[in-house]
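Colleague: Below are the sequence and a predicted model for it; my questions follow.
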Amino acid sequence: MEDLNDVTVTTCHDSQYLRLLRMHYKQNGRERIWDMIKVHDSVSVIIYNATRKCLVFVKQFRPAIYFHHAAENHTLDGKMLTIDVNKYPASLGMTFELCAGIVDKDKSLAEIAKEEIHEECGYDVPLESLERVVSYRAGIGTSGGLGTLYYAEVTNGMKVSDGGGNREEGEYIDVVYIPVEEALEFMWKDSINKPGMLLTALMWFQTKKLPDIKRRDFSKPAVKVLI
């Protein structure tokens, strides 16, 4: 996944996923403009594996994060920019995230969340076991897309594949298991690239789920499984 080569950046005039817009409006008698992008809404899932006593995340390369690191010493200026991958390795763009996906199908949010769990993490989760946590607005200064967070509890018995994303769509995803005892340390580690919603989801899990899970699951040893 970190085999990165031939990186160039140019301006974008059309996109399958983003649409650049400009709003003109009057606020308190003053003419204003605001540039923004239209994006798909999304779902994300915080997953707890009761067999392994771990939280299940995904790790993948995010070009925007990678470019943010490289852009510290580069200026695009309307031209094509070539990035030296020896100076800026792919690891700079690796992020740890919740299992997630965009809402681009004529299905319920829960159905899309179930599909993403199967596709990215390899678990077949019953639809009725998905717990809706909260909806929120992302990118409030740029997109305002609606995200919805779900919770799912899985076991090793629900594992039906290795996950890893949809290779036909160019996804390369690693499934990562973090023991619940290490979740807080993981959450506050600045050296790890992670989105803000992951922090919110972990705080929710710590307060709403972990106390009952500890009483139920931590009287017996976790099952050791090689990743």
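Modeller: That came through fine. It should be emphasised that the depicted structure is a prediction, and the values quoted were computed from it without experimental measurement.
Colleague: List the neighbouring strands of the helix or strand of the chain with the lowest mean pLDDT plus their orientation.
Modeller: Lowest on mean pLDDT, DSSP states H and E among the helices and strands of the chain sits strand 81-83, with a mean of 85. In its sheet, strand 81-83 lies beside strand 7-9 (antiparallel), with partners assigned from DSSP bridges.
Colleague: What lies in contact with the strand it pairs with?
Modeller: 66-67, 76, 80-83, 85, 88 (Cβ atoms under 8 Å, 6 or more residues apart in numbering). C-beta: built from backbone N, CA, C; applies to glycine.
Colleague: And the residue nearest the centre of the chain?
Modeller: What sits nearest the mean C-alpha location of the chain, by Cα atoms, centre = their mean, is E97, with 3.8 Å.
Colleague: That one pairs with what?
Modeller: Beta-bridge partners recorded for E97 (DSSP bridges): V58.
Colleague: Quick check, it in contact with V58.
Modeller: Yes - assessed by Cβ atoms under 8 Å, E97 is found in contact with V58 at 5.4 Å.
Colleague: coming back round to it: what residues does the residue nearest to the centre of the chain make contact with?
Modeller: Here E97 is in contact with 44, 57-60, 194-195, 198 (Cβ under 8 Å, 6+ apart).
Colleague: Can you give me the distance of it to F61?
Modeller: E97 sits 11 Å away from F61, going by Cβ to Cβ, to the nearest Å.
Colleague: Next, please give the residue ranges for the strands of this structure.
Modeller: Taking DSSP state E, the strands of the chain run over residues 7-9, 19-27, 30-38, 42-49, 54-61, 81-83, 94-97, 99-102, 131-138, 145-154, 173-179.
Colleague: which residues are contacting the last one?
Modeller: Contacts with strand 173-179, where a contact means Cβ under 8 Å, 6+ apart, come from 1, 49, 52-60, 96, 120-122, 162-165, 186, 222, 227.
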